[in-house]
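[1] Provided below for reference: sequence and predicted model.
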Amino acid sequence: MNDFILAVHGGAGALRPDLLASDEETVARSALTECLAAGRDLLARGGSALDAVESCVVWLEASEPFNAGRGSVLTSSGRVEMDAAIMDGATRSAGSVACVSRLAHPISAARLVMERSPHALLVGEPAERFALEQGVALVDPRSLVTRARREQLERARARPRVSLDHDELGGGTVGAVARDASGHLAAASSTGGMTNQLPGRVGDSGLIGAGTWADDESCAVSGTGHGELYMRCAFAHEVDALQRHAGLELAAACERALARVLALGGRGGCVAVDRGGKLALPFTTPGMYRGWIGPTGEPRVAVFADDESC
Ligand code: ASP
């Protein structure tokens with residue numbers, strides 16, 4: 001039995017099995033498995049929940065099928081604009097970046113904002129400059145663009161519509177939650193946003209309380225879905241508030257918060273862990289890439305609703 005908990009997601013969306021290219025699903029599943037195995041080893045060595053969630057998200061940002069880092073979706077002007085946030089449940093310190101284009105790993109820049117600035121959120125070019133000053137190498141934004149995402153943008157433009165990252169295509173927004181052996185919680189999320197979104201649009205993933213939250217007193221949450229609706233429900237904080245103020249169990253709190261998003265017309269899911277070590281991975285879309293560490297330490301990965309659950 002582990003004395004830590006770790007779960008990740010790779011986005012919720014339509015994910016119709018007939019539309020998924022099978023090699024894409026295979027790559028996505030192995031990236032989830034590999035990041036979980038690395039995160040598990042880190043936590044088993046006594047590493048912190050914060051380091052574990054950052055390392056999982058860094059791994060998934062580097063994995064092309066996911067909508068974060070390389071492989072991010074494109075805005076209506078064909079650019080990559082990414083958001084990321086990280087939160088430490090032990091201190092409720094938080095850091096985020098939004099609307100960044102020249103960072104291969106926005107989640108690590110978010111952590112730098114948390115640890116090396118007096119702020120909680122930096123945006124755009126000044127956020128990139130801050131990361132550069134902290135020793136992060138900037139990348140050419142074109143190096144983050146993939147052909148699959150260019151084609152996805154063309155399809156979205158033709159409709160025209162703004163779509164969830166993997167309504168039609170493989171992996172989506174990524175996130176992780178963990179509880180370490182000392183009982184500390186942490187959450188991290190990273191995304192390129194929604195396909196064909198207006199330039200300058202910021203979603204929930206990079207906003208503390210909307211897509212990302214962690215507090216040792218209650219729970220750690222990383223959401224994925226229609227960002228505007230998650231923001232309008234203060235989704236991740238809603239899960240926390242339902243636990244603290246209404247005494248709901250984690251699974252019930254997540255269901256209730258997702259129902260509020262659904263009532264506004266939004267779909268999605270989340271991964272969440274509470275202070276007692278309970279795990280919840282619910283979603284209201286047909287599928288959500290998700291994974292967790294099983295009781296004997298093995299990474300488990302699931303996509304559709306009738307796949308195995310934790
Ligand atoms: N929540 C993300 C956003 O709105 C998108 C997603 O999770 O797929 O930016």
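    Nice, I can see it. Residues are numbered from 1 along each chain as shown.

[2] When you work out contacts or count neighbours from here on, use the C-alpha atoms and nothing else.
    Fine.

[3] What does residue 261 show for phi and psi?
    phi -60, psi -40 (degrees, to the nearest 10).

[4] who touches it in this structure?
    Contacts were defined as CA atoms under 8 Å, 6 or more residues apart in numbering; by that measure residue 261 touches 229, 230, 233, 235, 267.

[5] so how far is residue 243 from it?
    From residue 261 over to residue 243 the distance is 17 Å, taken as CA to CA, to the nearest Å.

[6] Same question for residue 198.
    According to CA to CA, residue 198 and residue 243 sit 35 Å apart.

[7] for residue 78, same thing?
    Distance, residue 78 to residue 243, using CA to CA: 41 Å.

[8] out of those two, which sits in the more crowded spot?
    Taking neighbours as other CA atoms under 10 Å, residue 78 and residue 243 compare with residue 243 leading, 21 against 18.

[9] Quick check, pLDDT for the more buried one.
    pLDDT for residue 243: 98.

[10] pretty sure it is touching residue 251, no?
    No. Contact criterion CA atoms under 8 Å: residue 243 and residue 251 do not qualify, at 9.8 Å.

[11] Would you verify that residue 74 is located in a strand?
    No. Assessed with DSSP: H, G, I helix; E, B strand; the rest coil, residue 74 is coil; it does not lie in a strand.

[12] Tell me which residues touch it, please.
    Applying CA under 8 Å, 6+ apart to residue 74 gives the contacts 80, 81, 145, 149, 150, 153, 192, 194, 195, 196, 197.

[13] got it, and residue 108?
    For residue 108, the residues meeting the contact criterion (CA under 8 Å, 6+ apart) are 54, 58.

[14] For residue 269, what are phi and psi?
    According to degrees, to the nearest 10, residue 269 has phi -160, psi -170.

[15] typo on my end, residue 121
    Main-chain torsions, residue 121, degrees, to the nearest 10: phi -150, psi 130.

[16] And residue 301, by the same measure?
    Main-chain dihedrals, residue 301, degrees, to the nearest 10: phi -130, psi 140.

[17] Just give me the neighbour total for it.
    Neighbours around residue 301, by other CA under 10 Å: 25.

[18] And the pLDDT at it?
    pLDDT for residue 301: 96.

[19] what do you get for the one 3 residues further on?
    On the pLDDT scale, residue 304 is placed at 89.

[20] With residue 25 instead?
    pLDDT, residue 25: 81.

[21] and it, what helix or strand is that in?
    Assigned by DSSP states H and E, residue 25 belongs to helix 22-44.
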